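Participant: need coordinates for the below:
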Amino acid sequence: MARSSVEVEYRVMASTSCTLVWLKQLLIELQFADVTQMTLVCDNQVALHISYNPVFHERIIHIEIDCHFIREKIMSGDIKTEFVNSSDQLADIFTKSLRGPRIDIICNKIGTYDLYAPT
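Facilitator: Now for the predicted structure:
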């Protein structure tokens, strides 16, 4: 069980990093694309600071393995992290109940359209 929201965010970052590394290797093996660096976007600034600061993560013993994995991938250049404001989080369309203009903005950004809209 997670003890803080930062721990949850960081565990998700570690899981996503594993998936990104796997996808990169798959694309390389299939000779589909030359992937050099992948971007991991997070809306929690504390989790991003933990991934870059080697001293800060030693205080958070519950996520030590995740810290080492993500730091290794960042230092090797496989993954870079970026901050995204919560209001600009595109994944909200999949995780939250949205209405009105907010859902229209996100749908436009990800390139979807309403099948039932009058033409």
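Participant: distance of D104 from A117?
Facilitator: Going from D104 to A117 by Cβ to Cβ, to the nearest Å gives 10 Å. For every residue, glycine as well, the C-beta is placed using N, CA and C.
Participant: those two: which is more packed in?
Facilitator: Neighbours per residue, other Cβ atoms under 10 Å: of D104 and A117, the larger number sits with D104, 12 against 6.
Participant: which non-adjacent residue is nearest T81?
Facilitator: Take T81 and drop its neighbours on the chain: the residue closest to it by Cβ to Cβ, 6 or more residues apart in numbering is L40, 4.9 Å away.
Participant: OK, contacts around that neighbour?
Facilitator: Counting by Cβ atoms under 8 Å, 6 or more residues apart in numbering, L40 touches M13, T16, S17, L20, I79, K80, T81, E82.
Participant: right, and the helix or strand after the longest helix anywhere in the chain?
Facilitator: Assignment by DSSP state H gives helix 5-29 as the longest helix of the chain. As assigned by DSSP states H and E, the chain's next helix or strand after helix 5-29 is strand 38-42.
Participant: and the angle from the following helix or strand past that next one to helix 5-29?
Facilitator: Sequence order places helix 45-52 as the next helix or strand after strand 38-42, per DSSP H and E. Per axes from the mean of the first three to the mean of the last three Cα atoms, to 10 degrees, the angle that helix 45-52 makes with helix 5-29 is 60 degrees.
Participant: all numbers from here: first residue = 380
Facilitator: Noted, 380 is the first residue going forward, which turns the last one into helix 424-431.
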